Each structure stands twice: as structure tokens, then as C-alpha cells.
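# what follows is a protein structure lacking sequence information:
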DNA sequence: ACTATATCCTGTATGC
DNA sequence: TGCATACAGGATATAG
């Protein structure tokens, strides 16, 4: 579920609340949430106890908690994962899967995940960037992103442009919501072959993506329901700024045509049939 | 290399 | 009210 703006909102919240704390105890309430940890749930709990958190980093939709040695705890929220920072006495939210208590502190950190597609693991030697996510490309808000180089890479792909935007090994952080919003801003159909787009058009598309991600981040992300909230349980309010996502049958903010929903890649794509018509361009023959 | 599909899960909304 | 079905913001493995 959570895409870059939501994950970054959570990262900033965690940085404010848990950096400098030393983990006292870890309780794993559901083994599935630590299935990617190389060891049993009990190993995970033992390995994390006593670690001091010195920073929270993010690449795309992945987070890692940097410890004061060379290790880190890698986290992915999947479709429904949340981190909540609560007072120790507060009742845990439903679907709390893992809990952390801290030394000399009244707060607890909770990993909550209804669908359990997300998970936590200890990344040995991962403090500067876990090797487990070496295949994840830089995201569009990171310093290291190079739009021209990225556009060239995208322009070499024969897939539909939305498929490429969602490929985390090409560019990370974009999911279904922000892919649809980006394509609407760029007036592109989701199936338009990437290699049929001129380089300048791809750079424009990436700039639109940066704009959507920045605006959504400034709004604290998109909360359709209680499945995405910040670390204190607060909702983001970018939903009111969405042009197409989740707006089937409603008027396009630009031309008033009714937004359509179509199945694509086993999920839904939303587009304006007038602003984002079917493409005719084909990729050059190889 | 690209594409389509299935899979991992739970909860909610919808229609009959 | 009960039941069946569809759908949900993601990532990965596999088969073709």
C-alpha cells in the first residue's frame, strides 16, 4: 500500500521519536512478520534486544533502522504495514505483529500489519544500505537520481510505460496511486510503449512524478482508510488532490470527461479517456 | 528480455 | 441476516 510519500512520512516520524533509543525487549506476535529474517522469530527478538537506533533511512518503499554497529533492521510495509509509536500503557492497535520496548522510555514501537505482506528482518552489515535491497533503484526524491540517465534507461524498454514506472529496479517509490496520477499529468496512456516516447517526453514524465511525490509528501501522504496512518495514527490528506485514482465515473479536473477504471497488471488503472487516449505509436523495430 | 499469472494474507464492501 | 464474491496502496517467483 504505502508508496514513497507515505513511507517517507513514517520515516520522518520514526526519526523524531525513536532515534537515540536502546531496544529493551522485542515481542513477535506473529511469525509471518519476520519470515524474511534469517532465523526463527525468537532469534529475531534476541538479535534486536540491546541495539541502539542511530538513524532511520529509506530507499524507495524500504526503510531501515541503523544501529550503532554495522547492522540494521530492514522493514517493508507491504500493502498494509504501519509503524506506531504509542505510550507503553496504551492498548495495542488491532493486528499488532511485533512490539519493541526501550530502555529508560515510556514509549513502545509497534509494527502493525493486517495483511502481513510486509515484514522485518535483521540485516547484518546493512547499516549503510542493506544488501537485500541492492536491486532497488534510487527513488525520484533522492540526491543520486539522474533524470537524463534514467530517461535513457526507460526509453530502452519495450514494456508499457506504467509497468516501467512500477518496476522498482528501474525507479523506486512509485506505486499504483502515484503512477496513475503521474500519467494523468503527463497525458499518457498506461500502455504507451516506453521506447516509443522521445527522451524529452520521458524526462517530462519523471518531472511530473517528482511533482506528485513532493506534493503528496507535503500533505503527509494519501489515506483512503485506516490502513495508512502516520506513526501517531494521523491520516494524510493528499486524497483530496487526486485527479484520477479511485475516481471512476467522476469528472476529469482538466476536461470534465468521466474517469474510467480498467484492469491492468492484475489491479486497477484509472485514466481520463480524453486526456489519456489510446496510443498509436510503436517502438522502432529491432 | 518481456509478459502474464499466481501467490502470500486479512478485512471490508457489495450483491444476491 | 447470511453467504459468496470482488477488491485493496506490493513484491516476488515461475512459466511461457
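On my side now, so go ahead. What you see is a predicted model, and the numbers here were worked out from it, not measured in a lab. Numbering: from 1, shown residues only, chains lettered A, B, ... in the order given.

# how many other residues sit next to residue A:117?
Residue A:117 has 15 neighbouring residues, counting by other C-beta atoms under 10 Å. The way it works is simple: take the backbone N, C-alpha and C, and place the C-beta from them, glycine included.

# got the contact list for it?
Shown in contact with residue A:117 (C-beta atoms under 8 Å, 6 or more residues apart in numbering): A:78-81.

# which part of chain A gets nearest to DNA strand B, residue-wise?
Per C-beta to the nearest atom of the strand, residue A:159 is where chain A lies closest to DNA strand B, at 2.5 Å.

# circling back: what subset of the contacts of residue A:117 is also close to DNA strand C?
A:78-79 (C-beta under 7 Å from any atom of the strand).

# and residue A:86, that's in a strand?
Yes: assigned with DSSP: H, G, I helix; E, B strand; the rest coil, residue A:86 falls within a strand.

# apart from its chain neighbours, what residue comes closest to it?
residue A:108 (5.6 Å; C-beta to C-beta, 6 or more residues apart in numbering).

# verify the stated contact: that neighbour with residue A:85.
Yes: counting by C-beta atoms under 8 Å, residue A:85 is a contact partner of residue A:108 at 7.5 Å.

# which one's more surrounded, those two?
residue A:108 (22 against 18).

# what residues does the stretch 1-150 of chain A put near DNA strand C?
Close to DNA strand C, as judged by C-beta under 7 Å from any atom of the strand, the stretch 1-150 of chain A has residues A:1-3, A:6, A:60-62, A:76, A:78-79, A:115, A:117, A:135.

# mind doing that once more with 10 Å?
Proximity of the stretch 1-150 of chain A to DNA strand C (C-beta under 10 Å from any atom of the strand) is limited to residues A:1-7, A:36, A:60-62, A:76-81, A:114-119, A:132-133, A:135-136.

# show me which of those residues are buried.
Buried residues within those, defined by neighbour count using 16 or more other C-beta atoms under 10 Å: A:1-7, A:36, A:60-62, A:76-78, A:80-81, A:114, A:116, A:118-119, A:132-133, A:136.

# mind listing which of those residues are in helices?
Counted as lying in helices by DSSP state H, out of those, are A:4-7.

# run a quick neighbour tally on the residue of chain A found nearest DNA strand C.
Relative to DNA strand C, the nearest point of chain A is residue A:175 (1.8 Å; C-beta to the nearest atom of the strand). Using other C-beta under 10 Å, residue A:175 has 21 neighbouring residues.

# next up, the contacts around it.
A:1-4, A:61, A:166.

# which regions of chain A sit below the pLDDT cut-off?
Residues of chain A that meet the criterion pLDDT under 70 lie in A:1, A:286.

# how does it divide into domains?
A:4-133, A:147-271 (automatic domain parsing).

# residues near residue A:186, how many?
Residue A:186, neighbours per other C-beta under 10 Å, totals 20.
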